[in-house]
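Pasted the sequence and its predicted model underneath.
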Amino acid sequence: MVAAALSSAVALVVAGCGGSTDGASSGSPATPSASTTPHMVTDSTGTAVQVPGVVNRIADSWPAHNEVVQMLGGGDKIVATVLTPSSVPWLYTISPKLRQARTVFTTTTANTEELLTTHPDVLFNNAGTQVVSKTSQVGLPTLQLSFQTFDGLKKVVNTTADVLGPEAKAQAQRYNTYLDGKLAEIRARTSPIAADQRPKVLHIYSLDPLVVDGTNSIIDEWITAAGGRNAAQVKGNARQVTKEAVASWNPDVIILASSAFTGNDTGAQTLEKLTTDPFWSSQPAVRDHRAYVNPTGGWHWDRYGIEEALQIQWAAKTLHPELFTGLNIVAETRTFFRDFLHYTLTDDQATRIVNAQNPA
């Protein structure tokens with residue numbers, strides 16, 4: 001695919017330099033524009049990758065990143081994905097053409113033969129995953145992306161926009177400005193809170209096995225920005241721990257990721273089961289009704305996606321409602337989806353997202 005793009009570029013240059021030498025009769029030389037020629041983009045690993053000047057077909061094996069592509073105007077161009085309608089029903093609602101994409105990836109591997117039949121111009125991978133080794137020999141322009149901080153998130157958005165073109169770059173700038181603004185607003189109100197006055201927040205990724213999110217992760221960063229402190233005394237995201245460890249941490253607040261829902265239960269049903277569980281019902285956060293379900297939209301708000309911009313606002317109001325009385329998270333969700341995901345939510349749809357409920 002790269003060779004074909006290069007051949008096209010060379011042909012354009014030759015056409016511009018050859019033929020008639022009479023500029024008055026032949027017009028300006030037919031040289032390719034900067035926006036349509038192949039160019040180099042540096043990914044999160046520091047590798048420079050040559051990508052086509054025009055990208056019309058996208059493969060994306062990183063679940064959270066598909067929504068980045070949607071935000072930057074490329075959602076209709078995804079031809080190969082790791083997602084399914086059941087895994088992210090809201091993203092398929094706001095981007096119906098995603099149903100035409102083939103699910104050729106899992107979180108650990110790829111069907112490379114089927115991937116190649118989709119003829120992608122570019123492939124996005126989550127750096128460091130097993131998928132990377134599986135796709136490294138397929139001959140596609142491939143960008144390895146990752147981040148652990150808000151600054152890293154903005155860089156991934158910019159890198160993706162560098163691949164997708166000028167309009168994507170303008171949208172990336174709008175998003176990064178919005179994220180920076182919301183972070184500044186929230187931190188201005190929460191930064192004066194003393195450490196011993198910040199609630200200890202335990203973010204649970206899974207209940208069985210018991211998996212939590214620790215420090216050195218973007219989960220830890222949003223907890224801190226929202227005026228909390230991470231109760232989990234482990235490093236990294238998605239770390240398996242014991243109930244004894246949780247009891248020793250004694251969290252003031254528990255937040256359940258949607259991945260922690262039990263069986264086919266909703267978030268509300270999962271929370272209700274905690275109140276009758278011998279262990280969880282004895283924990284102060286559950287007993288004092290300070291256990292919450294994390295919102296989920298086009299991707300999970302709490303981890304590694306663009307809806308982190310909504311997560312920090314929801315978390316701040318959840319932890320410190322008295323500081324954010326003017327924040328209407330349902331209204332903010334509608335504005336965000338309109339401005340960044342190109343979809344107008346109803347009040348009911350936005351409420352369902354905030355409550356981590358699937359589309360009706």
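Everything's here; your move. Numbering: from 1, shown residues only.

the strands in the stretch 1-150 of the chain, which residues?
39-42, 48-51, 58-60, 78-81, 102-103, 122-126, 142-145 (DSSP state E, counting those that start in this stretch).

er, the stretch 251-360 of the chain I mean
253-256, 291-293.

any low-confidence regions in the stretch 201-350 of the chain?
Applying pLDDT under 70 to the stretch 201-350 of the chain picks out no residues at all.

Pull the residues that contact stretch 209-217.
Identification of contacts with stretch 209-217 by Cβ atoms under 8 Å, 6 or more residues apart in numbering yields 148, 202-205, 219-220, 230, 232-243, 246, 302-303. Heads up, the C-betas are built off the backbone N, CA and C, glycines and all.

So what's the gap between that stretch and the chain middle?
Here stretch 209-217 is found 18 Å from its chain centre; the criterion is Cα atoms, centre = their mean, to the nearest Å.

Same question for stretch 67-77.
Per Cα atoms, centre = their mean, the centroid offset for stretch 67-77 relative to its chain is 11 Å.

Pull the residues that contact that stretch.
Here stretch 67-77 makes contact (Cβ under 8 Å, 6+ apart) with 55-58, 60, 66, 78, 88, 91, 94-95, 97-98, 124, 156-157, 160-161, 164, 167-168, 171-172, 175, 298-299, 305-307, 340-342.

Out of these, which end up buried?
Buried members of these, scored by 16 or more other Cβ atoms under 10 Å, are 55, 57-58, 60, 66, 78, 88, 91, 94-95, 98, 124, 156-157, 160-161, 164, 168, 171-172, 175, 298-299, 305-307, 340-341.

Out of the residues you listed, which sit inside helices?
Judged by DSSP state H, helices contain the following of the buried ones among the contacts of stretch 67-77: 66, 91, 94, 156-157, 160-161, 164, 168, 171-172, 175, 340.

and of these, the nearest to Asn264?
Checking these against Asn264 by Cβ to Cβ gives Leu91 as the nearest, at 20.3 Å.

Apart from its chain neighbours, what residue comes closest to that closest one?
Closest residue to Leu91 apart from its sequence neighbours, by Cβ to Cβ, 6 or more residues apart in numbering: Gly298 at 4.1 Å.

need the contact list for the residue most central in space within the chain.
With distances taken as Cα atoms, centre = their mean, the residue of the chain nearest its centroid is Gly305 (1.8 Å). Counting by Cβ under 8 Å, 6+ apart, Gly305 makes contact with Ala64, Glu67, Val68, Gly298, Trp299.
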